[in-house]
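K.L.:
what follows is a predicted protein model with its sequence.
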Amino acid sequence: MQTMTTAQRWFQLVNNVFMLIFALICVIPLIHVISLSLSSSAAVMANEVTFWPVGLTFNSYEKALENPNIVHSVWVSVQRVALSLAMGVIVNCLAAYVMSKGGGRDGIAGYKGFIGFFVVAMLFNGGMIPTYLLVTQIGLKNSIWALVLPSLMNVFYLILIMNFFKALPKELEEAAFMDGANHWQVFSRMFMPLSLPVLATVGMFMVVNDWNEWLSGTIYMQSDNVPLSTFLKSIIAVPVINDSNAEDVAKLNNRSIGAAQIIIGALPILLIYPVLQRFFAQGIVIGAVKE
Amino acid sequence: METAIRKETSIKKTKERVVRRKDSWQLYLMLLPAVVLTIIFVYVPMGGIVMAFQEYKPYQGILGSNWVGLDQFKFLFEYPDSVQVIWNTLRIAILKLVFGFFSTLTFALLLNEVRKKFFRSTIQTFVFLPHFLSWVVLGGIFIDLLNPDTGLVNQLLKALGAEPIFFLGDNNWFLATVVSTEVWKEFGYGSIIFLAALAGINPALYEAAQLDGAGRWKQTLHVTIPSIIPTITVVLTLSLGQLLNAGFDQIFNLYNMLVYEKGDIIDTFVYRIGLIDGNYSFATAVGLFKSVVATILIVTGYRIAYIVSGHKIF
């Protein structure tokens, strides 16, 4: 254990303060908006709210949730995330298992061709307009599947899972094959249970992306049937209350209702975040470091 | 002896022919969903690219629409709006890459110097957070925060005696706002890759440097930086593919008609002329131009990364 010189001690101190400032800068905007959403109308109007609610009240949340469309949009988002997660994990893992086996005795014919097939799909696509026309023409418009199917297969997830599969000890599957297991059994009873860390990581990617994605809701869904992210996009900065209603004006104001809407949109992510970030710090490394 | 040799040659032959396991049909079945989805949602739309060479009319369909050759592309490079949009895209993307890279690397190096594990992971928890919030949410937050009358930032400016700034409605400020909010959102999360590289440096190198009398700063210069050069190279070359990616989600949630001059980018332009104005062919042509250039850049980036440091994706 080396002892620190005075200069080093000063550096440590200054650096720690620096890091603390960085950390605060990252959360202060969010804290400010949370405070706005929980403050009384009078305090918000008088610009008294900074980083703590003034005159704590849930009026803005009540008003925001009065809109039946927001409740329905939460339901659409939940369905979308559940379907994408369940189907996405299966589709990507199945493909990753096959691609992890290569083109040899345990693998498939045309392995190189399939690599090319997926790499091209990762690098190039038809773009926004042709994809929009396709989804419309195959009759997915205003269906939950328009929000699920187009993004289900993701080559980035495939590679992440595949690298994890490749890193599993070869002896395990060899022993299983020796005992007469087939590919499906090795995949479902051995690879999947052993891959929980990477599955959790990919699963979290999926949940976050699908919860946050808003564009497909805008272009494929009717306005009364959109996911929450799209709904938020359409109402942010649109006044909710009317100045002529005296009772409303005394209790509410558009700024804190807007803040409440923003927080409702971010809430699921904020709730799963503690688990999320722990997995991510590990998961990314699992994917990034090969061998 | 002879039989042994024969056996060996027969083994060699089977290796060449590759006899696959009897249950390899299961593998094709397992690959099927992924292949079908990729064909439908990636390869079929690629066929729709022919629209860029047509004057596509929805009621005539792709087969019935008139062919116009390269007219859409000619228009793309002659129409002042689209030329402006290409420049905007490049400018925003390059600024984001440069500032993003330096802030991320600096942050990673400084965080790496933090001794206390608990403190370090707490900092990480805070700085990763913005990455996971969508631009819809963050757009809402920044629109409030940067409001010229009531926003917190402008109140601070007023308290300091400065004039309030309309960050999201002034062409002189929009660019800086977009770049700094993007850097704010991603510097923490982006540092993961560098932190992983820093954690992998062999501690013996530092001990050796210490024995040679190197202080912390010298160690950073001669051990830390050289050790993460491969990671830096990969990150930089791969970011080449992002040169035309100015961030659709962010711009779309922050911009408005006041700042089209500096803030409109290829993706938002395609969205407006295609999906709002219904000019499918021109929008597809603009999108195709972007995809082709981006693909060339990405492939070049991957090639360089592979040659320089052996980085492989598949």
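P.N.:
Arrived safely. Residues are numbered from 1 along each chain as shown, chains lettered A, B, ... in the order given.
K.L.:
which non-adjacent residue is nearest the residue most central in space within chain A?
P.N.:
Residue closest to the mean C-alpha point of chain A, counted by CA atoms, centre = their mean, is residue A:208 at 0.8 Å. Spatial nearest neighbour of residue A:208, excluding adjacent residues (CB to CB, 6 or more residues apart in numbering or on different chains): residue B:132 at 5.5 Å. From N, CA and C alone the C-beta is placed, and that goes for glycine too.
K.L.:
in stretch B:244-260, what counts as buried?
P.N.:
The neighbour-count check on stretch B:244-260 (16 or more other CB atoms under 10 Å in any protein chain shown) flags B:244-255, B:259-260 as buried.
K.L.:
ok, of the residues you listed, which one's closest to residue A:90?
P.N.:
residue B:249 (27.5 Å; CB to CB).
K.L.:
got the contact list for that closest one?
P.N.:
Contacts here follow CB atoms under 8 Å, 6 or more residues apart in numbering or on different chains; on that basis residue B:249 touches A:215, B:134, B:135.
K.L.:
among those, who's most crowded?
P.N.:
residue B:135 (24 neighbours; other CB atoms under 10 Å in any protein chain shown).
K.L.:
find the residue at the geometric middle of chain B.
P.N.:
By CA atoms, centre = their mean, the most central residue of chain B is residue B:242, 5.0 Å off.
K.L.:
was I right to think it contacts residue B:95?
P.N.:
No. With contact defined as CB atoms under 8 Å, residue B:242 does not reach residue B:95; the gap is 11.9 Å.
K.L.:
how about the strands in chain A?
P.N.:
With DSSP state E, there are no strands along chain A.
K.L.:
can you pull out the low-pLDDT segments for it?
P.N.:
A:1-3, A:237-250, A:279-291 (pLDDT under 70).
K.L.:
residue B:21 in helix, strand or coil?
P.N.:
Per DSSP: H, G, I helix; E, B strand; the rest coil, the secondary structure class of residue B:21 is coil.
K.L.:
please compute how far stretch A:161-169 lies from its chain's middle.
P.N.:
Distance, stretch centre to chain centre, for stretch A:161-169: 24 Å (CA atoms, centre = their mean, to the nearest Å).
K.L.:
same thing with stretch B:232-245?
P.N.:
That offset, for stretch B:232-245, works out to 8 Å (CA atoms, centre = their mean).
K.L.:
repeat that for stretch A:81-93.
P.N.:
The answer for stretch A:81-93 is 13 Å, by CA atoms, centre = their mean.
K.L.:
just checking that stretch against chain B, any contact.
P.N.:
Yes. Applying CB under 8 Å from any CB of the partner chain, one finds stretch A:81-93 touching chain B at A:90, A:91, A:92.
K.L.:
CSV for those residues, including neighbour count?
P.N.:
Rendered in CSV, the data for the residues of stretch A:81-93 next to chain B read as follows (neighbours: other CB atoms under 10 Å in any protein chain shown):
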residue, neighbour count
A:90, 15
A:91, 23
A:92, 26
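K.L.:
please identify which of those is nearest to chain B.
P.N.:
Of all the residues of stretch A:81-93 next to chain B, chain B sits closest to residue A:91, with 4.7 Å by CB to the nearest CB.
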